[in-house]
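Participant: Sequence and predicted structure, then a few things I'm wondering about:
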Amino acid sequence: MFSRVPEGAPVLTAAATRAAEDRAIAAGSSVAELMERAGTGVAGWVHRLAAGSEVLILCGPGNNGGDGYVAARVLASQGVPVRVAALGEPKTEAAAAARAAWSGAVEAFPRAEGPDHPAPVVVDAVFGTGLSRAIDLPVARAIEAAIYAARLSIAVDLPSGAEADTGGDFGGHWIAPFNATLALGALKPAHVLDPVAELCGAVRLIDLGLDDLSEAGNSAWTFEQPFFATPRSWWHKYDRGMVAVISGPMHGAAELAARAAYRAGAGYVLLLTGGLPHPPHAIVRQRWNAATLGDKRIGAVVIGPGLGRDDRAREKLDAALSSDRRLVIDGDALHLIDPDRLRARTAPSVLTPHGGEFIALFGKGAGSKIEQTRDAAARCGAIVVHKGADTVIADPDGSVWIAPRGSGWLSVAGTGDVLAGAIAAMLAQWPGEPLRAACAGVWLHGRAARILDRCFLADELADALPHAYERAR
C-alpha cells in the first residue's frame with residue numbers, strides 16, 4: 001500500500017477522542033464495553049500478523065493495559081500462545097476487571113537489560129493517549145529491549161512515551177520503531193506527525209463504534225487519493241491550463257518548476273526569464289514584463305523558485321501579488337512576503353514553505369504542526385502547504401489535510417521547485433478548487449518519489465510525475 005495510514009480518516013486530538021468515547025458511554029455503552037471492543041480488535045490484528053508465533057503483551061496500569069489484558073484473553077481463546085507481563089497493578093476499574101478475566105499467568109515486566117524470555121512478537125500496551133509526562137528511563141529501556149528481541153512489534157493505540165496531540169515525546173526517551181500501530185477509535189495527530197509517526201510503522205484503525213467522528217468538531221483529515229480526469233478529445237491547450245513561472249537569477253529552479261507544471265498536466269507553460277532557450281523547447285520563454293500577468297489565459301503563476309531576495313525580486317513579487325492571478329508562492333518569495341498583504345488578495349494563493357521558511361514567515365508558534373499550519377492559513381488568508389515528511393495542508397476556513405508520509409529521498413535540492421510546479425498545474429486546471437489542487441499536487445509529488453525509490457535528481461522527479469498518474473486508481 002502507498003499510504004501507511006487509513007485514507008480519508010479524521011484525525012482527532014486525545015481530548016476529542018475522549019469526548020467521543022464519553023458520548024458513546026452516555027448513549028449506553030460502558031468503559032468495559034469499549035475496552036472489550038478495543039482488545040478484541042487488537043487481538044484480531046495480532047492473530048493475523050503473528051501467524052501462530054508466541055506473543056508477549058506488555059500491559060501498563062491504565063486502560064491501555066486493560067486493552068492488552070482483553071487482547072491476551074481473546075488470543076488465548078483462539079489457541080495463540082500468549083504471555084502477559086505487567087508494569088504494575090491496574091489503576092482503573094475497567095483495567096482491573098480485564099486483568100481479573102485473564103486466566104493466565106502475569107509475569108514481571110522485562111528488565112532494561114533485556115527480557116529473560118524474549119518473544120518473537122511483542123505488543124506494547126503500556127501507555128496510551130492518557131500519558132501526560134515522559135516515561136521513566138528504565139521502563140523505556142525495558143520496552144525497547146523487548147522490541148529489539150522480537151521479530152514483530154505492535155503498539156496499541158500509540159507507542160508508549162508518545163504525546164498524542166503533537167507527535168512529540170514530552171522531552172523523554174525514545175524507544176525502538178514499531179512494525180505496526182493499532183489506533184483505537186480514531187487516528188491521533190501522533191499517527192501522522194513526526195517524529196512519532198516515523199516510529200508507528202503501518203497504522204491500522206480499530207473501530208470502537210463511536211459516533212460519526214466527522215461531526216466531532218474535527219477538521220483534520222488524512223488524504224484520499226485524488227481523482228484525475230482524463231483530458232477530453234476536444235480540449236485544447238488552454239483547457240488543460242496555462243501556467244506562468246517567474247524566474248530570477250537562479251534560472252534552474254524556475255526551469256524545474258516549469259518542467260514539473262508540464263509533466264503534471266498543464267497544457268501551456270510560460271517561463272518569464274532572461275535566459276536563453278534550451279530543451280525542453282515546449283516551454284515558452286519570454287523576458288519578464290509585469291504586463292504579461294494580465295493575460296487572462298494564465299490559470300496559475302509560480303513565483304519564488306530561484307527568484308532571489310533583492311529589489312528586482314521584490315518588484316516581481318509585488319507585480320504578482322497585485323495581479324488577479326492564482327499564485328503558488330515558494331522559495332525566496334516566502335522570505336519577502338507580508339502575510340497581512342496576502343489577506344487582501346481576492347484570488348487564491350498557495351504557500352509552500354518547508355519548516356525553516358514557515359518559521360521565517362510566521363514565527364515559531366505553539367502547538368502541533370496541525371495547529372500551527374491551521375493558524376498560519378487563517379492569518380494570511382491563503383492555503384498553506386507546510387512541507388516535510390509529514391506535510392500538512394491548511395485552508396483559511398480551518399480545514400486541514402495530512403498527506404501520506406513523504407520519502408526521505410525527497411531531501412535533495414530542487415524537489416520543492418517541482419512541487420510548486422505540480423501544484424500550479426493543478427491550480428490552473430481546477431481554478432475554483434484551490435485546496436483540491438494543492439492536495440493533488442502534493443499527492444502526485446509524493447507518489448512520483450515513491451516510484452523513483454531512491455537517489456534521484458529533482459529533474460527525474462519532474463519526469464516521473466506522469467508515471468504517478470499511471471499508478472492512480
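Facilitator: Happy to help now that I have it.
Participant: Would you map the strands across the stretch 51-200 of the chain?
Facilitator: For the stretch 51-200 of the chain, the strands defined by DSSP state E, counting those that start in this stretch cover 55-59, 82-86, 106-108, 121-125, 152-156, 180-184.
Participant: no no, the stretch 201-350 of the chain
Facilitator: Shown for the stretch 201-350 of the chain, the strands assigned by DSSP E, counting those that start in this stretch span residues 202-206, 220-222, 242-246, 268-272, 284-286, 298-303, 327-329, 349-351.
Participant: isn't residue 210 right next to residue 22, touching?
Facilitator: No. Taking C-beta atoms under 8 Å as the definition, residue 210 is not a contact partner of residue 22, at 9.9 Å. Every residue, glycine included, has its C-beta placed from N, CA and C.
Participant: the more surrounded of those two?
Facilitator: residue 210 (22 against 13; other C-beta atoms under 10 Å).
Participant: The nearest residue in space to that one that is not next to it in sequence: which element?
Facilitator: In this structure, residue 210 finds its nearest non-sequential neighbour in residue 20, 4.4 Å apart by C-beta to C-beta, 6 or more residues apart in numbering. Here residue 20 sits within helix 14-26, counting by DSSP states H and E.
Participant: Which elements pack onto the helix or strand following that helix?
Facilitator: Downstream of helix 14-26, the first helix or strand assigned by DSSP H and E is helix 31-50. Where contact means 3 or more C-beta pairs under 8 Å, 6 or more residues apart in numbering; DSSP states H and E, helix 31-50 is packed against helix 14-26, helix 63-77, helix 93-101, strand 121-125, strand 152-156, strand 180-184, strand 202-206.
Participant: ranking those by mean pLDDT, which is last?
Facilitator: Ranked by mean pLDDT, those bottom out at helix 14-26, with a mean of 90.
Participant: Residues in contact with it: which ones?
Facilitator: With contact meaning C-beta atoms under 8 Å, 6 or more residues apart in numbering, helix 14-26 is reached by 12, 31, 34, 129-130, 164-165, 185-186, 188, 208-211, 213, 216-218.
Participant: what residue ranges in this protein score low on pLDDT?
Facilitator: 1-3, 212, 214-218, 274-277, 471-473 (pLDDT under 70).
Participant: Tell me where it has helices.
Facilitator: 14-26, 31-50, 63-77, 93-101, 137-149, 196-200, 251-263, 311-322, 339-343, 355-362, 369-380, 415-429, 434-452, 458-471 (DSSP state H).
Participant: neighbouring contacts of the last one?
Facilitator: The list of residues contacting helix 458-471 from outside it, by C-beta under 8 Å, 6+ apart, reads 2, 228, 256, 259-260, 263-265, 410, 412-415, 417-418, 421-422, 443-445, 447-449, 451-452, 456.
Participant: Wait, residue 78 touches residue 44, no?
Facilitator: No. Residue 78 lies out of contact with residue 44 (C-beta under 8 Å); the separation is 9.3 Å.
Participant: show me what contacts residue 263?
Facilitator: Per C-beta under 8 Å, 6+ apart, neighbours of residue 263: 421, 422, 462, 463, 465, 466.
Participant: Report the residue ranges of every domain in the protein.
Facilitator: Using automatic domain parsing, the domain ranges for the chain come out as 14-222, 242-471.
Participant: Of all the ones you listed, which one is nearest residue 232?
Facilitator: domain 242-471 (12.1 Å; C-beta to C-beta).
Participant: how far out from the middle of the chain is that closest one?
Facilitator: 18 Å (C-alpha atoms, centre = their mean, to the nearest Å).
Participant: list the contacts for the closest residue to residue 118 other than its chain neighbours?
Facilitator: Here the nearest residue to residue 118 in space, its sequence neighbours aside, is residue 149; by C-beta to C-beta, 6+ apart that works out to 3.5 Å. Residue 149 is in contact with 114, 115, 118, 119, 122, counting by C-beta under 8 Å, 6+ apart.
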